[in-house]
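# heads up, no residue letters with this:
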C-alpha cells in the first residue's frame with residue numbers, strides 16, 4: 001500500500017491553521033508605571049499617578065500574537081528560485097529534519113478590551129473590563145512531519161500526542177488593588193472574572209503508531225475529539241461495508257453562548273529600597289460547557305497485514321474476500337463514531353504565574369532594569385518565558401522599554417513606546433518583533449506579538 005503525502009500534509013496544515021497562543025497584554029510594559037493595562041498582568045499594579053481612565057471601545061487594549069518552537073521557514077524552502085513546500089524532492093530529508101522537534105508547537109491568540117474603565121474608590125484603585133479572548137494551539141509530533149517527508153519507508157512512526165485545542169470566550173472582569181498601610185511598600189490586588197463561553201474544541205490523538213516493515217505492517221489508532229459550539233452537530237455517513245455510521249464533517253446552525261465560568265487573579269508587589277518585587281497568579285478557575293459533542297475511535301483499533309492471507313481467487317466461494325475484510329478494518333482506523341453519552345463537560349482555565357524584580361537606579365530614578373518570568377500551565381502546552389528589560393521614563397509624558405526574551409519558544413526582542421499626556425494615552429509595542437516575511441506576506445518566524453491601546457486617563 002502507498003500512503004499519499006498530500007493527505008498527510010493537508011492534515012498537518014489543517015491542524016496548524018484551524019487552531020487559534022495566549023495573548024493578554026504586553027509584558028514589555030510590565031515595569032512601566034504609567035502603562036495603563038498592567039493590572040491585567042498583576043492585579044496589584046495600577047497607575048497611581050492618575051485618578052482613573054476610560055478605554056477607547058475595542059482599542060483600549062488589543063493584543064494579537066502567534067508563537068511556536070517550529071517556524072514557517074521549516075516548511076517553506078527556495079529551490080532554483082521557486083518557493084516550495086518541505087515535501088518537494090528538491091529539498092533533502094536531512095535539511096528538513098534538522099529544523100524539526102519531537103514536539104512541534106504552533107499557535108495564535110487574540111485578546112481585546114471591548115470596554116474598560118478605571119477609578120479610585122473603596123480605598124484603592126479599581127477597574128471594570130469587558131473583553132473577549134480567542135486562543136488555541138496545535139502540537140504536531142516530529143514523526144508525522146518525518147512521515148510526510150519520507151513517505152512510507154520501512155520504519156516505525158509514533159504519532160502519539162498529536163493534539164489541538166482552541167477556546168473563545170467573553171469576560172467581565174472586576175479588579176481592585178490597594179496599599180497595605182500596616183506593611184510599608186506592600187500593595188495587593190485581586191480580580192474576579194465572569195466568563196461566557198463561545199466555543200471550545202479539544203482533539204487528542206491518544207495513540208497513533210505505524211510499524212512499517214518489508215514483509216508486514218501494523219497500525220494502531222486511538223483518538224477523541226470534543227466540540228462545544230452552540231448549534232454545532234456532526235455530519236454522519238453510513239459505511240455499507242462495516243454497517244456503521246461515522247463522522248463526516250461538522251454542521252453549524254447558529255452561534256451563541258455555550259458555557260459559563262469564573263476565574264480569579266491574585267497579585268502583590270513589594271518595594272524595598274531601590275527594588276520592587278512582584279508576584280501574580282492569573283486565571284484560577286473553570287469553564288462549564290454545554291451542548292458537548294464528541295467523536296471517538298471508541299478505544300484502540302489495530303490492523304496488521306500479517307493477520308490476512310491474500311489470494312487472487314480468495315472470493316470464489318462467494319464469501320467476503322480477505323481484501324474486502326482488510327479494507328473494512330483499515331477504514332475503521334480513521335472513521336470516528338459519535339458518542340451520544342456526553343452532554344456537558346468542565347475544563348480548567350489556563351493558569352499563569354508571573355513573577356518579577358525591578359531595580360531602579362538611585363541616581364537617576366527615571367531608569368530601571370527588570371526581569372519577569374511568565375509560566376502558563378496547560379498540560380501539553382505548558383510554556384515559560386523570561387524577559388530582561390531596560391525601561392526609561394525620560395519625561396513625564398513618555399516612557400519606553402526594550403527587552404530580550406528567552407524561553408519555550410526560543411529567543412526574541414521586544415519593545416514598547418508609551419505616550420501618556422493629560423487626557424490621552426497611546427501605546428504600541430511588540431513582545432516578539434516580527435521578522436522576515438515570505439513573498440506571500442507570511443511571517444517566516446512563528447513568534448510575533450503586537451499590542452496597542454488608546455485610553456483616556458483622568
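Yes, it's here. Nothing here was measured: the structure is a model prediction, and the numbers come from that model. Numbers count the residues shown, from 1 in each chain.

# What residues are bridge-paired with residue 205?
Counting by DSSP bridges, residue 205 is bridged to residue 223.

# should've said residue 124
Here residue 124, judged by DSSP bridges, has bridge partners residue 121.

# wait, doesn't it sit right on residue 179?
Yes - the criterion here is Cβ atoms under 8 Å, and residue 124 meets it with residue 179 at 7.3 Å. (Glycine included, C-beta is placed from N, CA and C.)

# sec struct for the nearest residue to residue 354 once chain neighbours are set aside, please.
Distances taken as Cβ to Cβ, 6 or more residues apart in numbering put residue 280 closest to residue 354, at 4.6 Å, once the chain neighbours are dropped. Under the three-state scheme (DSSP: H, G, I helix; E, B strand; the rest coil), residue 280 adopts strand.

# can I assume residue 280 is in contact with residue 43?
Yes - Residue 280 is within contact range of residue 43, at 6.6 Å (criterion: Cβ under 8 Å).

# list residues touching both of the two?
Here residue 280 and residue 43 have 265, 266, 267 as joint contacts, going by Cβ atoms under 8 Å, 6 or more residues apart in numbering.

# Take these and keep only those in strands.
Secondary structure from DSSP state E places 265, 266, 267 of those in strands.

# Spatially nearest residue to the first one (excluding sequence neighbours)?
When you say that, I think you mean residue 265. Counting by Cβ to Cβ, 6+ apart, residue 265 lies nearest to residue 191, which is 3.9 Å off, once chain neighbours are set aside.

# gap between the residue nearest to residue 393 when sequence neighbours are not counted and residue 178?
Excluding the flanking residues, the one nearest residue 393 by Cβ to Cβ, 6+ apart is residue 399, at 4.1 Å. Taking Cβ to Cβ, to the nearest Å as the measure, residue 399 falls 24 Å from residue 178.

# What of residue 31?
Taking Cβ to Cβ, one finds residue 31 at 21 Å from residue 178.

# which of those two has more neighbours?
Between residue 31 and residue 178, counted using other Cβ atoms under 10 Å, residue 31 has the larger neighbour count: 28 against 17.

# now the helices for the protein?
Ranges of helices in the chain, per DSSP state H, are 5-18, 93-97, 142-150, 322-331.

# Look at the residue lying closest to residue 437 once chain neighbours are set aside and report its pLDDT.
Spatial nearest neighbour of residue 437, excluding adjacent residues (Cβ to Cβ, 6+ apart): residue 443 at 5.8 Å. Note on residue 443: pLDDT of 70.

# same deal with residue 385?
Predicted confidence (pLDDT) for residue 385: 94.

# And the residue nearest to it when sequence neighbours are not counted, how close does it get to residue 387?
In this structure, residue 385 finds its nearest non-sequential neighbour in residue 407, 3.7 Å apart by Cβ to Cβ, 6+ apart. As judged by Cβ to Cβ, residue 407 and residue 387 stand 8 Å apart.

# what's the answer for residue 191, then?
Residue 191 sits 22 Å away from residue 387, going by Cβ to Cβ.

# in the stretch 351-458 of the chain, which segments are predicted with low confidence?
In the predicted model, the stretch 351-458 of the chain carries pLDDT under 70 at residues 438-442.

# which stretches of the stretch 1-150 of the chain have low pLDDT?
Along the stretch 1-150 of the chain, the parts satisfying pLDDT under 70 run over 1-24.

# One more pass at 80, please.
Residue ranges of the stretch 1-150 of the chain with pLDDT under 80: 1-24, 49, 72.

# can you pull out the strands in it?
Ranges of strands within the stretch 1-150 of the chain are 53-55, 62-68, 76-79, 82-85, 103-121, 124-141, based on DSSP state E, counting those that start in this stretch.

# Same question for the stretch 201-350 of the chain.
217-228, 232-239, 244-252, 259-272, 275-290, 293-296, 301-304, 337-339, 344-348.

# Direction included, what does the longest one pair against?
It refers to strand 275-290. strand 259-272 (antiparallel), strand 344-348 (antiparallel), strand 352-360 (antiparallel).

# Turn these into a markdown table, including distance to residue 372 and mean neighbour count.
Output for these, formatted as a markdown table (distance: least, Cβ to Cβ, whole Å; neighbours: other Cβ atoms under 10 Å):
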| stretch | distance to residue 372 | mean neighbour count |
| --- | --- | --- |
| strand 259-272 | 12 | 19 |
| strand 344-348 | 24 | 14 |
| strand 352-360 | 3 | 18 |
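
# Out of the ones you listed, which gets nearest to residue 383?
strand 352-360 (9.6 Å; Cβ to Cβ).

# What lies in contact with that closest one?
Identification of contacts with strand 352-360 by Cβ under 8 Å, 6+ apart yields 22, 24, 30-31, 41-42, 267, 274-283, 367-377, 391.

# Which one of the strands of the stretch 1-150 of the chain lies nearest to residue 414?
Using Cβ to Cβ as the measure, strand 62-68 is the one of the strands of the stretch 1-150 of the chain that comes nearest residue 414, at 11.2 Å.

# for the closest one, packing partners?
When contacts are defined as 3 or more Cβ pairs under 8 Å, 6 or more residues apart in numbering; DSSP states H and E, strand 62-68 sits against strand 103-121, strand 424-432, strand 448-457.

# In JSON lines, list those along with distance to residue 236.
Below are the helices and strands packed on strand 62-68 laid out as JSON lines (distance: least, Cβ to Cβ, whole Å):
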{"stretch": "strand 103-121", "distance to residue 236": "30"}
{"stretch": "strand 424-432", "distance to residue 236": "42"}
{"stretch": "strand 448-457", "distance to residue 236": "40"}
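
# Adding distance to residue 137 and mean neighbour count as columns, could you present those in CSV?
Conversion of those to CSV gives the following (distance: least, Cβ to Cβ, whole Å; neighbours: other Cβ under 10 Å):
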stretch, distance to residue 137, mean neighbour count
strand 103-121, 4, 20
strand 424-432, 15, 22
strand 448-457, 14, 21
